[in-house]
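Asks: sequence first, predicted model second:
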Amino acid sequence: MTQPQDIKTTDTGTTTLGIKCSDGVILGADNRTTMGNFVAGKDKQKVRPINDYIGFTWAGAVGDAQMLERTIKANVALYETQRNKRIKLRSLTTFLANIFQERSYFPYWVQTIIGGYDSEPRLIDIDAIGGYKEFTDFTVSGSGSMMAIGVLEAEYTKEKTMKENELLALRAIHAAIERDIYSGNGVDLLFIDKHKSELKHYTLDEVKQIIGAKK
């Protein structure tokens, strides 16, 4: 009989990041999913828009992340319908942190970065048992985070716009893809400003061309 601990789940080692810019927030992630050391998928979108002004990234088990996305979208829609106003990112963070803490003995195997724009750009990281922190610059998660954060630490400045930081986000994720076997195959970036959000996909060849890396 197969024991629960023997069942392999589809998950992501992943590199995800969030960058706070002068005019908004960038959320980014690679596209690879894995089952152990096997590459299970090459086109998974791990940056998910919730609505026009909130998005999130995830690293961890795919099934848990998909369930979490459904929960977030349903509750954001319910909140805004009942109150006829936008939900604040800090309110959404508290809601999610409470869910994670309630399940701390049987947690969602995910780490999330929430970004968006309410009165200003906001960037918040939430761990699997409900701990959270708001960042004024950038944050990373996943197996490739050590490589990505080195690029961000060296090159980030607060004054740059989302357009100016697009290259930085691509460089950071590409650095992780080069060294982390659980990250790869392409990049998604979600740009969120005061008025809208825009999701862009980049193949690995396009990333290399943009940043000037050798193929």
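Replies: Arrived safely, thanks for sending. On a predicted model such as this, the values are computed, not experimentally measured, just so you know.
Asks: what's the span of stretch 56-66, first residue to last?
Replies: 12 Å (C-alpha to C-alpha, to the nearest Å).
Asks: now stretch 136-156
Replies: First-to-last residue span, stretch 136-156, C-alpha to C-alpha: 11 Å.
Asks: who's in contact with that stretch?
Replies: For stretch 136-156, contacts defined as C-beta atoms under 8 Å, 6 or more residues apart in numbering pick out 12-20, 29-30, 57, 59, 111-113, 123, 125, 133, 158, 165, 168, 171-173, 175-180, 182-183. C-betas here are computed from N, CA, C, even on glycine.
Asks: write the PyMOL selection for whichever of those residues are buried.
Replies: Selecting only the buried entries of these in PyMOL, with 16 or more other C-beta atoms under 10 Å as the criterion:
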select buried, resi 12+13+14+15+16+17+18+19+20+29+30+57+59+111+112+113+123+125+165+168+171+172+173+175+176+177+180+182+183
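Asks: out of the contacts of stretch 136-156, list just those in helices.
Replies: Asn165, Leu168, Arg171, Ala172, Ile173, Ala175, Ala176, Ile177, Glu178, Arg179 (DSSP state H).
Asks: residues of stretch 180-191 that come out buried?
Replies: Here stretch 180-191 shows Asp180, Tyr182, Ser183, Gly184, Asn185, Gly186, Val187, Asp188, Leu189, Leu190, Phe191 as buried, counting by 16+ other C-beta under 10 Å.
Asks: identify the farthest-apart pair in those residues.
Replies: Maximum pairwise distance among the buried residues of stretch 180-191 (C-beta to C-beta): 25.2 Å, between Tyr182 and Phe191.
Asks: which residues in this structure form helices?
Replies: Using DSSP H, helices in the chain cover 62-83, 89-102, 145-155, 162-179, 204-211.
Asks: so Ser197 is in contact with Val47, correct?
Replies: No - between Ser197 and Val47 there is no contact under C-beta atoms under 8 Å: 10.2 Å.
Asks: between the two, which contacts overlap?
Replies: Gly55, Leu190.
Asks: just give me the residue closest to the centre of this protein.
Replies: Thr57 (2.0 Å; C-alpha atoms, centre = their mean).
Asks: quick one: the residue nearest to that residue when sequence neighbours are not counted from Ala74, how far?
Replies: Nearest residue to Thr57, sequence neighbours excluded (C-beta to C-beta, 6 or more residues apart in numbering): Thr16, at 3.9 Å. Distance, Thr16 to Ala74, using C-beta to C-beta, to the nearest Å: 23 Å.
Asks: likewise Ala40?
Replies: 27 Å.
Asks: more neighbours: which of the two?
Replies: Ala40 (16 against 10; other C-beta atoms under 10 Å).
Asks: pretty sure the more buried one sits against Ala61.
Replies: No - applying C-beta under 8 Å, one finds Ala40 not in contact with Ala61, separated by 11.9 Å.
Asks: what's the spacing between Gly63 and Gly55?
Replies: As judged by C-beta to C-beta, Gly63 and Gly55 stand 20 Å apart.
Asks: okay, these two: which has more neighbours?
Replies: Gly55 (23 against 14).
Asks: what's the more buried one in contact with, if anything?
Replies: Val25, Leu27, Val47, Arg48, Pro49, Ile114, Gly115, Gly116, Leu190, Ile192, Ser197.
Asks: the more surrounded of Ser197 and Val47?
Replies: The residue with more neighbours, out of Ser197 and Val47, is Val47; 26 against 21, by other C-beta under 10 Å.
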